[in-house]
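> 3D, please:
(one chain, ligands or ions: 3)
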Amino acid sequence: MKKNLIFIGMPAVGKSTVGVVVAKRLGMRFIDTDLLIQEQENRLLREIIAEEGEEGFLEIENRVNASVNVENSVISPGGSVIYCREAMEHYKKIGTVVYLQASYQTIKRRIRSPRKRGVVLKEGQTFRDLYNERVPYFEKYADITVCEDGCRIEDTIENVLNAVENYQSS
Ligand SMILES: Nc1ncnc2c1ncn2[C@@H]1O[C@H](COP(=O)(O)OP(=O)(O)O)[C@@H](O)[C@H]1O
Ligand SMILES: O=C(O)C1=C[C@@H](OP(=O)(O)O)[C@@H](O)[C@H](O)C1
Ligand SMILES: [Mg+2]
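Ligands and ions are numbered 1, 2, ... in the order given. Got it, this is the predicted structure:
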């Protein structure tokens, strides 16, 4: 039985799009926990954030991610999951955490308007502040880091597959 793989990283780094292809290549299941949150709450993510605020959203995100009980699965949570302590401790127990890393410039180019995309930003916080705040969390939780600057999505997928194979055989 293969251990789960859990993707972490900034929004738009590719956790969902890379995750599903990696799952297919490795014969694993794929779970995007943003979709689980929407199903369980019967609301869209942006509605939850608007109605519950940043703290309320993180509580829901923590609860849903901490109760994912699966094997042989690739799991792609939302970018803010790294603030959810219980969820991250759970993920460290049930799988290998892969940090998809990209520079601020790469991410900013992909996300023109972070607020419209539903990124969890505090009052007055810039996207640059958010990037700097999150990097230490990503680094703390990562078992594997894959850098995607200058890569096409196909390269990122190959780099992830190679990094996972090396990690698991070491
Ligand atoms: N090298 C790359 N690696 C991953 N995604 C890329 C890359 N280049 C462009 N993209 C695009 O970036 C977007 C990532 O979106 P998504 O998978 O929803 O990210 P996340 O789930 O991390 O928020 C997709 O539209 C994808 O096609
Ligand atoms: O990083 C964030 O603050 C968020 C990222 C989103 O997921 P993706 O990372 O898959 O875009 C989603 O969970 C929510 O809108 C908040
Ligand atoms: Mg996603």
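
> do I have it right that His90 meets Val68?
Yes. In this structure, His90 is within contact of Val68 by Cβ atoms under 8 Å, at 7.4 Å. For glycine as for every other residue, the C-beta is placed from the backbone atoms N, C-alpha and C.

> where do the strands sit along the chain?
4-8, 29-32, 73-76, 95-101, 144-147 (DSSP state E).

> how about those in a markdown table, adding mean pLDDT and mean neighbour count?
Output for the strands of the chain, formatted as a markdown table (pLDDT from 0 to 100; neighbours: other Cβ atoms under 10 Å):
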| stretch | mean pLDDT | mean neighbour count |
| --- | --- | --- |
| strand 4-8 | 98 | 26 |
| strand 29-32 | 98 | 17 |
| strand 73-76 | 98 | 26 |
| strand 95-101 | 98 | 22 |
| strand 144-147 | 98 | 18 |
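
> and of these, who's closest to Gly118?
The closest of the strands of the chain to Gly118 is strand 29-32. By Cβ to Cβ, the value is 14.0 Å.

> residues in contact with the nearest residue to Glu41 once chain neighbours are set aside?
Distances taken as Cβ to Cβ, 6 or more residues apart in numbering put Ile48 closest to Glu41, at 5.7 Å, once the chain neighbours are dropped. Contact analysis of Ile48 by Cβ atoms under 8 Å, 6 or more residues apart in numbering lists Ile37, Glu41, Gly56, Phe57, Ile60.

> now distance to Glu86 too, for the strands of the chain, in TSV please.
Shown next, in TSV, are these (distance: least, Cβ to Cβ, whole Å):
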stretch	distance to Glu86
strand 4-8	14
strand 29-32	18
strand 73-76	15
strand 95-101	15
strand 144-147	22
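
> and the contacts of Ile48, which two are the farthest apart?
Spanning the widest gap among the contacts of Ile48 are Ile37 and Gly56, at 11.9 Å by Cβ to Cβ.

> picking up where we left off before, in helices, which of the contacts of Ile48 fall?
Among those, the members falling in helices are Ile37, Glu41, Gly56, Phe57, Ile60 (criterion: DSSP state H).

> buried subset of those residues, written for PyMOL?
Listed next is the PyMOL selection for buried residues among the ones in helices among the contacts of Ile48, using 16 or more other Cβ atoms under 10 Å:
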select buried, resi 37+41+57+60
